[in-house]
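Peer 1: sequence and predicted structure are below.
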Amino acid sequence: MTEADEARARILEKAEQTFLTHGYSRVTMDDIATELRMSKKTLYRHFSSKEQLGAAALEASMSRFGEKLEALLADERLDFGERLEHFARALAGRYASAATVLRDLQRDAPALWQRLLELRRESVQARFGAFLASGVQAGAIRSDVEPRLVLRMVITLVDQLMRPDVLAELELSAEQVFPSMLGVILDGIRTGRETGKTRLPARSPARPGR
């Protein structure tokens, strides 16, 4: 790795941490340069604008998390149901931890928000699609189910439900909505042959005070 590559990686790591902690709209390039103890001139040499830095940080973050999901779904020590639950919990937890910056992107940075949606669709399609196909082959999913249709249903519901404005309207967290959403869709297509007893919840937990 060259010195320029190392500097770029350090900038991306710090930018991601700062955006997650404070939100996208509240962070300036000056803030990131200060955090890095780097001159603004050096920072701008690698990224010409906050938007470019935000897009690069988003793509790097999604790439790393996608690799984590891929490893989880490929873990043969777990049966289909266990991998499915771990996938749902990991994705919902990731969304919850990034709630502040996601609200900012949807409200104040529409171009980055659209890029996030594109990356999320690509990640779900590439990794979860293959997982569904393997479930059919392993006999965990009914053979009369078309994995591509189920995948499209999941992607559509993720797009429509896993959004800061919709979650706020529902008064539910990502950790409540996403596992329940998958459970509603996938429990109906399983054969019940997997060895584990794991099942995603069919409904979201009751809201506090209700």
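Peer 2: That came through fine. Residues are numbered from 1 along each chain as shown.

Peer 1: which residues does R103 contact?
Peer 2: 23, 164 (C-beta atoms under 8 Å, 6 or more residues apart in numbering). Heads up, the C-betas are built off the backbone N, CA and C, glycines and all.

Peer 1: pretty sure it is in a helix, no?
Peer 2: Yes: the assignment for R103 is a helix, going by DSSP: H, G, I helix; E, B strand; the rest coil.

Peer 1: gap between it and L117?
Peer 2: Noted for R103: a distance of 14 Å to L117, by C-beta to C-beta, to the nearest Å.

Peer 1: with M153 instead?
Peer 2: Going from M153 to L117 by C-beta to C-beta gives 17 Å.

Peer 1: higher neighbour count, the two?
Peer 2: Legend: neighbour count by other C-beta atoms under 10 Å for M153 and L117, higher for L117 (16 against 13).

Peer 1: now that one: how far from A33?
Peer 2: 29 Å.

Peer 1: before we move on, what about D159?
Peer 2: D159 sits 35 Å away from A33, going by C-beta to C-beta.

Peer 1: over to S123?
Peer 2: Taken as C-beta to C-beta, the span from S123 to A33 is 30 Å.

Peer 1: list the contacts of I141.
Peer 2: Contacts of I141 by C-beta under 8 Å, 6+ apart are 80, 132, 135, 147, 186, 189-191.

Peer 1: ok, G93 next?
Peer 2: So G93 contacts 174-175 (C-beta under 8 Å, 6+ apart).

Peer 1: on the three-state scheme, the spatially most central residue of the chain is what?
Peer 2: Central residue of the chain (C-alpha atoms, centre = their mean): L91, 5.1 Å from the mean position. Assigned by three-state DSSP, the conformation of L91 is helix.

Peer 1: now for the nearest residue to it once chain neighbours are set aside: which residues touch it?
Peer 2: Spatial nearest neighbour of L91, excluding adjacent residues (C-beta to C-beta, 6 or more residues apart in numbering): F178 at 6.0 Å. In this structure, F178 makes contact with 88, 91-92, 95, 158, 161-162, judged by C-beta under 8 Å, 6+ apart.

Peer 1: roughly how far is the helix or strand harbouring F178 from the heart of the chain?
Peer 2: Assigned by DSSP states H and E, F178 belongs to helix 174-186. Distance of helix 174-186 from the chain centroid (C-alpha atoms, centre = their mean, to the nearest Å) equals 14 Å.

Peer 1: check stretch 92-107 too.
Peer 2: The chain centroid and the centroid of stretch 92-107 are separated by 9 Å, computed with C-alpha atoms, centre = their mean.

Peer 1: when you give positions from now on, start the count at 37
Peer 2: Done: numbering now begins at 37, and the last item shifts to stretch 128-143.

Peer 1: where's the closest residue to Y131 other than its chain neighbours relative to L109, distance?
Peer 2: Leaving aside its chain neighbours, Y131 sits nearest to A210 (3.9 Å; criterion: C-beta to C-beta, 6+ apart). Noted for A210: a distance of 19 Å to L109, by C-beta to C-beta.

Peer 1: swap in A169?
Peer 2: Counting by C-beta to C-beta, the gap from A169 to L109 is 11 Å.
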